[in-house]
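1. Sequence below, structure please.
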Amino acid sequence: MSVRFVLASKSPARLKTLRNAGIEPEVIVSGVDEDNVTAENPGELARLLATLKARAVVAGLTDHATVLGCDSVLELDGEPYGKPETPDVARERWKMMRGRSGVLHTGHCLIDTSGKQELRELSSTKVRFAEVTDEEIDAYVATGEPLAVAGAFTVDGLGGPFVTAIEGDYHNVVGLSLPLLRRMLAEVGISWPALWNAQKPFTYDESVASTYDETRGGEARAQAAAQAVDSLLESPGRVLELAVGTGIVGAELVALGNLVHGFDLSTAMLQRAKVRLPGHVAAADATRLPVADRRCDAVVAVWLLHLLDDSEPVIAEVARVLRSGGVFITTSEKTDASRYADDRGPNDTRSQDSLAHLVAVAARHGLTLDGATTFPGPIRNTGAAPTYPLVRFRRS
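-> Numbering: from 1, shown residues only. Take a look at the predicted model:
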């Protein structure tokens, strides 16, 4: 069974917890304004916020998915405490918490759109805080960590030494109860091991190709990308585009005066590219191009390298076909650009299009970084638009 599992949370800790349990969710941030939500008690507040997040994400889906929303609230003396946001609030919070116990509530809402089921659950864990000194509080607040987490503490980070004991589910304190999630998934007919296998290699088949352009920013994003590429070309000329896709960017490069030849592995995508670039596209693997050595003046790859498990074979092949002085222009940091626009931090693992990685690999194949620019992407759920870096390497 194929499962599209979505995490409706920007929490790095929740994402890491799922990854460590063998699950790689799709992350979509809800954009729910937590400050204006109230409930009769802290536990119900956590459950309500989780539900609002899950429902907000479901409202924006165009395909079926199983969506998990979570929210954590610390209860102390019957009062709810979320993220302190400022150093002064975090400092006062810790002076109130030290030497005492509180209850960390995490609300979970699981919505399975296929079965039209919505489950709402709460997991609560008692947490005992150390008798920390003022100096320790000041030092911890200065790290910035407690400002953006519920209760102003972590158990899996810098705040770990300041938590002396927990009674209940450890992962719940991190932000997501794995045992509870397993039971909720079972209720909607999804076994936990099924999620281990949910992330299968993505295939650009007809179902993807038919909506690819409209779901990826359409002509506006293609024009922005093409203009950025064109600004890094020496002058209008012959361009070889890898992963040409539907040809939408290549067509814009042609409109700017370039002659574009494109390769792609997807038959469905190439059918559309043939309409935009008739006679100039063909099926080929980017690691085994049907091009002789040192024949190309410019090779372009827009939104390709971040998809690869290993980008070096492609970079090596680009170096092989480039003339001396020829240029390789590629997008970089694509995944992190989108994450930053969603108000999240960088990916935990190094991406195959990270700039540091590209520079190191390119150098091994005689390519030197000598130019860069950026272009905007479409607006995300958070209201922010990602800025995509585009870099140029020159063949020595």
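2. burial count for the nearest residue to G102 once chain neighbours are set aside?
-> Closest residue to G102 apart from its sequence neighbours, by CB to CB, 6 or more residues apart in numbering: L76 at 4.3 Å. All C-beta spots, glycine's among them, are computed from the backbone N, C-alpha and C. Using other CB atoms under 10 Å, the number of residues around L76 comes to 18.
3. looking at it, L76 is touching L104, isn't it?
-> No: taking contacts as CB atoms under 8 Å, L76 lies outside contact range of L104: 10.1 Å.
4. Which parts of stretch 274-292 count as buried, going by neighbours?
-> Residues of stretch 274-292 classed as buried by neighbour count (16 or more other CB atoms under 10 Å): K274, R276, L277, H280, V281, A284, A286, T287, L289, V291.
5. How about the contacts made by G257?
-> P236 (CB atoms under 8 Å, 6 or more residues apart in numbering).
6. helix/strand/coil for it?
-> Counting by DSSP: H, G, I helix; E, B strand; the rest coil, the backbone at G257 sits in coil.
7. From L265, how far off is it?
-> G257 sits 28 Å away from L265, going by CB to CB, to the nearest Å.
8. quick one on the thing from earlier: quick one: contacts for the residue nearest to G102?
-> L76 neighbours (CB under 8 Å, 6+ apart): M96, M97, R100, G102, V103.
9. What's opposite it in the beta bridge?
-> Applying DSSP bridges to L76 yields these beta-bridge partners: E79.
10. Could you shift the numbering so residue one becomes 17, and keep it that way?
-> All right, first residue 17 from here; so that's L92.
11. still on that earlier bit, so which of the buried residues of stretch 290-308 sit within strands?
-> Mapping those onto strands (DSSP state E) picks out V297.
12. got TSV for the buried residues of stretch 290-308, with distance to S25 too?
-> Below are the buried residues of stretch 290-308 laid out as TSV (distance: CB to CB, whole Å):
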residue	distance to S25
K290	41
R292	39
L293	41
H296	44
V297	40
A300	40
A302	35
T303	36
L305	41
V307	45
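13. and S251, how many residues sit next to it?
-> Neighbour number of S251 under other CB under 10 Å is 9.
14. now the stretch 167-316 of the chain, which segments are flagged as low pLDDT?
-> Across the stretch 167-316 of the chain, the ranges flagged by pLDDT under 70 are 213-218.
15. List the buried residues in whichever strand or helix holds L211.
-> Assigned by DSSP states H and E, L211 belongs to helix 208-212. Using 16+ other CB under 10 Å as the test for burial, helix 208-212 gives W208, L211.
16. Run the chain-centre distance for the helix or strand following that helix.
-> Scanning forward in sequence from helix 208-212 by DSSP H and E, the next helix or strand is helix 222-225. From the chain centre to the centre of helix 222-225 is a distance of 22 Å (CA atoms, centre = their mean, to the nearest Å).
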